[in-house]
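Colleague: Provide a 3D model corresponding to the input given below.
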Amino acid sequence: MFIYRMMSSDLFINYSLTGMSLAYRIIGMKLTNTLIEKTCGTIFTGGVTIDDLLKDMVLLEKKNIGSISMMVVEGLTNAEESTLDYFYTISRDTVKKMTEGKPDAHFAVKLTAFVTLEVMEKISTA
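Modeller: Numbers count the residues shown, from 1 in each chain. You can find the predicted model right below:
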């Protein structure tokens, strides 16, 4: 409940990106991401790897619950083509692994992965 309350506060909403950027500079990206994954990350996501996703899918399937995979990538500034190619490759590999031995799977693509932060800010302001 604490994490839900915290993440819905104006303070968190307005300053979380700044705080995360500061943490990246002070304690590094790996430790910052680990802290996020071990706290609120596990509540809102199935994990960070395709294998994490597949484990959750199997658990849900045993309970007769369907699942949808969604890769969220946004807020990229001046994304290079190689970054977008990497996102495409991860998405493709996820769909391949999700459908192994199954007739279908559900995968959502958030198109903001391909829109820069500057464009999203302009759209938000408009």
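Colleague: please point out which parts of the helix or strand where residue 51 lies sit buried.
Modeller: Assigned by DSSP states H and E, residue 51 falls within helix 50-62. Applying a neighbour-count criterion of 16 or more other C-beta atoms under 10 Å, the buried positions in helix 50-62 are 50, 53, 54, 57. In this view, the C-beta of every residue, glycine as well, is placed from N, C-alpha and C.
Colleague: neighbouring contacts of the helix or strand bottoming out on mean pLDDT in the chain?
Modeller: The element with the least model confidence among the helices and strands of the chain, by mean pLDDT, DSSP states H and E, is helix 42-44, at a mean of 73. Residues outside helix 42-44 that contact it (C-beta atoms under 8 Å, 6 or more residues apart in numbering) are residue 3.
Colleague: closest one of the buried residues of helix 50-62 to residue 103?
Modeller: Closest approach to residue 103 among those (C-beta to C-beta): residue 57, at 14.4 Å.
Colleague: assign the spatially closest residue to that closest one that is not a sequence neighbour to helix, strand or coil.
Modeller: If you skip the residues right next to it in sequence, residue 57 has residue 67 as its closest partner in space, 4.9 Å away by C-beta to C-beta, 6 or more residues apart in numbering. Following DSSP: H, G, I helix; E, B strand; the rest coil, residue 67 is assigned to coil.
Colleague: wasn't residue 3 part of a helix?
Modeller: Yes. Counting by three-state DSSP, residue 3 is part of a helix.
Colleague: shouldn't it be in contact with residue 41?
Modeller: No. Checked against C-beta atoms under 8 Å, the pair residue 3 and residue 41 is beyond contact range at 10.0 Å.
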